[in-house]
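> Next one to model:
(one chain, ligands or ions: 1)
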Amino acid sequence: MNSSILGLIVVGVFSAAFAIEWFGGRIQRGPRPARDAAFTAMGILFQGTISGALIGSLAGYMVIQLWGDLAGSLSHIAFWKAFLFIFLVEELLHYWIHRSAHEWRWLWKIHRTHHSAQQLNVGVVYRYNIFWVMLLPQTWMGAFATYFGQGEAFVVAVLITFFTNILTHSNYRWDLWLRSKTPWATPAWWLIERVITLPDTHHAHHAYGKSAHPNGNYAVTLFIYDIIFGTAKIPNSRQTQYGLPISARLHWAEELFWPAIKKPLLPKPAKTD
Ligand SMILES: [Zn+2]
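Alright, predicted model coming up:
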């Protein structure tokens, strides 16, 4: 599979999911839908143009300097072995960088943009500060995997995390609906929700207040990493508040470009009730 087909799948699936939520009135539910949409558009624009190209070329340059004569040298390894290795390592590295972003203040300011959305929907998948993507293991691993001859295994891993992100950021709580239709499968759900991330655990990660767990549930796909490292919480219910208590006070330029642009918190909005 070449990169243009990968790009088409990603753009097509994201646009379809966004359209479903838009026509279902879900994108517009937040208090600031136009700002949210602009953030999503900026995220896509930066990932599509600057971040991917910059880190791709930087990582490409590094591999050539370090292992200049080893191009394609791992292509003999079976696809499934390579895929499992890439997927497990990428998810593990992502777990730790994501967890660090919630624990270290300077890294939190780069990740915070993803969490300031006051409503969860698929648009949030691409909502981030422009520097966040450059820090992600996936951005770097693509260049390494391709160089050593395992580009396809990497692409499959990327697609899995992409589909998971669409499903777990969805405004529709399809997990609660499915569970209500399959009460006989409760033991299976018990197991599934401990192995992979579902909307339940990821919505909790984006919420505050009731049924929330903002400082935990860090894994993209393999929730079992949260179980292993003691950061899991499974509320099995709906959340009522998303975003951050200070969401409305963050300046858009700092949200997108910190630390290149720093802005003070905006004044507290006047109470209307
Ligand atoms: Zn997070």
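> low-scoring stretches of the chain, by residue?
Regions of the chain meeting the criterion pLDDT under 70 cover residues 1-3, 271-273.
> Please, where are all the helices along it?
3-23, 33-46, 52-67, 79-103, 105-115, 132-135, 137-147, 151-169, 174-181, 186-195, 199-206, 224-228, 252-257 (DSSP state H).
> quick check: angle from the longest one to helix 151-169?
Interaxial angle, helix 79-103 versus helix 151-169 (axes from the mean of the first three to the mean of the last three C-alpha atoms, to 10 degrees): 50 degrees.
> returning to what we had before: okay, the helices of the chain in JSON lines with distance to Thr240 and mean neighbour count next?
Bear in mind the C-beta positions are built from the backbone N, C-alpha and C, glycine included. Output for the helices of the chain, formatted as JSON lines (distance: least, C-beta to C-beta, whole Å; neighbours: other C-beta atoms under 10 Å):
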{"stretch": "helix 3-23", "distance to Thr240": "19", "mean neighbour count": "14"}
{"stretch": "helix 33-46", "distance to Thr240": "18", "mean neighbour count": "18"}
{"stretch": "helix 52-67", "distance to Thr240": "36", "mean neighbour count": "14"}
{"stretch": "helix 79-103", "distance to Thr240": "21", "mean neighbour count": "17"}
{"stretch": "helix 105-115", "distance to Thr240": "16", "mean neighbour count": "18"}
{"stretch": "helix 132-135", "distance to Thr240": "27", "mean neighbour count": "20"}
{"stretch": "helix 137-147", "distance to Thr240": "32", "mean neighbour count": "20"}
{"stretch": "helix 151-169", "distance to Thr240": "17", "mean neighbour count": "20"}
{"stretch": "helix 174-181", "distance to Thr240": "14", "mean neighbour count": "13"}
{"stretch": "helix 186-195", "distance to Thr240": "20", "mean neighbour count": "12"}
{"stretch": "helix 199-206", "distance to Thr240": "11", "mean neighbour count": "24"}
{"stretch": "helix 224-228", "distance to Thr240": "22", "mean neighbour count": "17"}
{"stretch": "helix 252-257", "distance to Thr240": "23", "mean neighbour count": "18"}
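> Tell me which of these sits nearest to Val124.
Closest to Val124 of the helices of the chain, according to C-beta to C-beta: helix 151-169, at 5.0 Å.
> hmm, who's touching the closest one?
With contact meaning C-beta atoms under 8 Å, 6 or more residues apart in numbering, helix 151-169 is reached by 1, 3, 6, 9-10, 13-14, 17, 79, 82-83, 85-87, 90-91, 94, 120-122, 124-125, 138, 141-142, 145-146, 174, 196-199, 201-203, 206, 220-221.
> What of stretch 231-251?
Outside stretch 231-251, the residues that touch it by C-beta under 8 Å, 6+ apart are 31, 99, 112, 115-120, 173, 176, 193-194, 200-201, 203-204, 206-213, 215-218, 223, 226, 263-269.
> thinking again about what came up before, Serialize the helices of the chain to TSV and add fields for distance to Ser73.
Output for these, formatted as TSV (distance: least, C-beta to C-beta, whole Å):
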stretch	distance to Ser73
helix 3-23	21
helix 33-46	33
helix 52-67	8
helix 79-103	12
helix 105-115	34
helix 132-135	27
helix 137-147	9
helix 151-169	13
helix 174-181	42
helix 186-195	33
helix 199-206	37
helix 224-228	29
helix 252-257	39
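> Against Ala17, how distant is the closest residue to Arg32 other than its chain neighbours?
What sits nearest to Arg32 in space, not counting adjacent residues and going by C-beta to C-beta, 6 or more residues apart in numbering, is Gln118, at 6.9 Å. Remark: distance between Gln118 and Ala17 (C-beta to C-beta, to the nearest Å) = 20 Å.
> Kindly report the same for His213.
24 Å.
> what do you get for Ser211?
Distance, Ser211 to Ala17, using C-beta to C-beta: 24 Å.
> cool, and Gly60?
Counting by C-beta to C-beta, the gap from Gly60 to Ala17 is 31 Å.
> Need the contact partners of stretch 181-188.
The contact list for stretch 181-188 (C-beta under 8 Å, 6+ apart) reads 179, 189.
> roughly how far is that stretch from the heart of the chain?
Computed by C-alpha atoms, centre = their mean, to the nearest Å, the chain-centroid distance of stretch 181-188 equals 28 Å.
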